[in-house]
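Enquirer: give me the fold of what follows.
(2 chains)
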Amino acid sequence: MRLSRYFLPVLKETPAEAQIVSHRLMLRAGMLRQEAAGIYAWLPLGFRVLRKIEQIVREEMDRAGAVELLMPTLQLADLWRESGRYEDYGAEMLRITDRHERELLYGPTNEEMITEIFRAYVRSYKALPKNLYHIQWKFRDEQRPRFGVMRGREFLMKDAYSFDLDETGAKAAYNRMFVAYLRCFKRMGLSAIPMKAESGPIGGELSHEFIVLAQTGESGVFLDRRILDLPIPGEDVDYDGDLEPVVTAWTSRFYAATEDVHDAARFAETPEGERVTARGIEVGQTFFFGDKYSKPMKAVVSGPDGVERPVQMGSYGVGISRLLGAIIEASHDEAGIIWPDAVAPFGVGIISLRPGDALVDAACESAYAALTSAGLEPLYDETDERPGGKFAAMDLIGLPWQLIIGPRGLAEGNVELKRRASGERRSLPLDQALAAITG
RNA sequence: CGGGGCGUAGCGCAGCCUGGUAGCGCAUCUGCUUUGGGAGCAGAGGGUCGCAGGUUCAAAUCCUGCCGCCCCGACCA
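Expert: Residues are numbered from 1 along each chain as shown, chains lettered A, B, ... in the order given. As a prediction, this is how the structure comes out:
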């Protein structure tokens, strides 16, 4: 992408409404525009990152055997009356009436609808297990939206729902999602730690929150440092195999809890040198809730014995839009965002220090073509801005690499390659710089 | 939902107390000079002062109501 053709409204000054660093940086980097409290337009740069995160989640869900579908944002109130939650949910639910005076709601989650879909088609245990997921916008009318995308009212979420004949099967389904979550967050460059959670209004018994450690996190967390070194299953993980040992290692070997459920006495059993008190951001949550919805909504399947039983369910959420905030909170410096490679909106920024100079133009174009065909998605700054502004903007938007090309370097046969994360800069010939980036 | 605060040019702000024809910085546009970490000079454009009432000869400024947004707390992904 050539910057002159792109839409990247970076701001030199910080808008007054933004308090926390991720919100400030997203506004300054031209990723996001607030349209109302907790409601945002995703500008091109932000949208690119959103799609990258979404795609990682999608790939890991698919790998774990989940099947993608797409449910609507609007749901009928009657569906929620079946589970009793239409009354329970309160003012957080955005309620809408259509021209026929029919009561609708903008979905804050989809347990009822997925249960309705499942029961319409599945009658036999032979169709199980199943895991259906979608990635869709949700709305919760928060009393006090804040922290930018971290606590918006409208947010993009992946939610998966598992269906099994019995608890044993449901636990295996839970374990598959648990492992998939470990992999998802790691791929995004995050350390997300599963912590035992209260299940909240969605209800259920077995539940974990996946917490990203960040100094500016919303809640306090307590953990055993050693949990950070636990291995995460690779791409070749066998989702048909027994994942219980992995889950057990992450959930029972070392202490890790949010302040809500913190047990000081148990934490004290952790060796003093290993105890960490930190802050964290929840980016995902897993629940097993059995027949909480299937029973009242009559989603039943016949078992091998011919007896009909409510299906055993779990749900598994990932806050896709919130993850942008979490990643920035966990990865930034004074100058701006530092994107992990896997979610960076562009892989490399090419900075032309002298557009119009024949040698510089030729080197830039050649680098742009090579990096494009290598799939690096370069952002090529060929605008007429001054160098200082270009450097500052490139640092702000946080692309992993900067390839800086100017007449002074070229006279010596070199370009400059900067790694955003470390700040390390090297002068080297263009072909070597390209090899370093693509290698 | 309790408490506090703020709405003035695209962004950041001053002006309001003490009413008298709306200002600063950045950004934008034009010209010249500059060009490796947010340049200089000269000029220009851009605002129903959140909205609606009221008081007054006169309202950004005083009064009333409403709307929007932010912060702390409770709550939540």
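
Enquirer: quick one: the helices in chain A?
Expert: Along chain A, the stretches classed as helices by DSSP state H are A:21-28, A:44-63, A:77-83, A:85-88, A:111-121, A:167-187, A:244-252, A:264-267, A:320-330, A:358-373, A:387-397, A:407-411, A:430-438.

Enquirer: would you mind finding the most buried of these?
Expert: Counting by mean count of other CB atoms under 10 Å, helix A:320-330 has the highest mean neighbour count of the helices of chain A, with a mean of 26. For glycine as for every other residue, the C-beta is placed from the backbone atoms N, C-alpha and C.

Enquirer: same for that helix, what does it pack against?
Expert: Helix A:320-330 sits against helix A:21-28, helix A:44-63, strand A:154-164, strand A:206-213, strand A:275-290, with contacts defined as 3 or more CB pairs under 8 Å, 6 or more residues apart in numbering; DSSP states H and E.

Enquirer: before we move on, the earlier item: RNA strand B is nearest to which of the helices of chain A?
Expert: Closest approach to RNA strand B among those (CB to the nearest atom of the strand): helix A:387-397, 2.5 Å.

Enquirer: same list (the helices and strands packed on helix A:320-330) but as CSV, adding distance to residue A:429 and mean pLDDT.
Expert: Below are those laid out as CSV (distance: least, CB to CB, whole Å; pLDDT from 0 to 100):
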stretch, distance to residue A:429, mean pLDDT
helix A:21-28, 34, 95
helix A:44-63, 30, 98
strand A:154-164, 43, 97
strand A:206-213, 39, 92
strand A:275-290, 42, 93
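
Enquirer: with adjacent residues omitted, what lies nearest to residue A:160?
Expert: With sequence-adjacent residues excluded and distances taken as CB to CB, 6 or more residues apart in numbering, residue A:160 is closest to residue A:133, at 3.5 Å.

Enquirer: what do you get for residue A:185?
Expert: Spatial nearest neighbour of residue A:185, excluding adjacent residues (CB to CB, 6+ apart): residue A:192 at 3.5 Å.

Enquirer: over to residue A:348?
Expert: Among residues not flanking residue A:348 along the chain, residue A:401 sits closest, at 4.0 Å (CB to CB, 6+ apart).

Enquirer: how near is the residue nearest to residue A:185 to residue A:316?
Expert: Plainly put, residue A:192 is 13 Å away from residue A:316 if you go by CB to CB, to the nearest Å.

Enquirer: could you do residue A:266 as well?
Expert: For residue A:266, the distance to residue A:316 equals 26 Å [CB to CB].

Enquirer: again with residue A:49
Expert: Here the criterion is CB to CB. By it, residue A:49 lies 22 Å from residue A:316.

Enquirer: what do you get for residue A:9?
Expert: In this view, residue A:9 and residue A:316 are 36 Å apart by CB to CB.

Enquirer: which one's more surrounded, those two?
Expert: Neighbour count, other CB atoms under 10 Å: between residue A:9 and residue A:316, residue A:316 has more, with 28 against 13.

Enquirer: isn't the more buried one right next to residue A:170, touching?
Expert: No: assessed by CB atoms under 8 Å, residue A:316 is found out of contact with residue A:170, at 11.8 Å.
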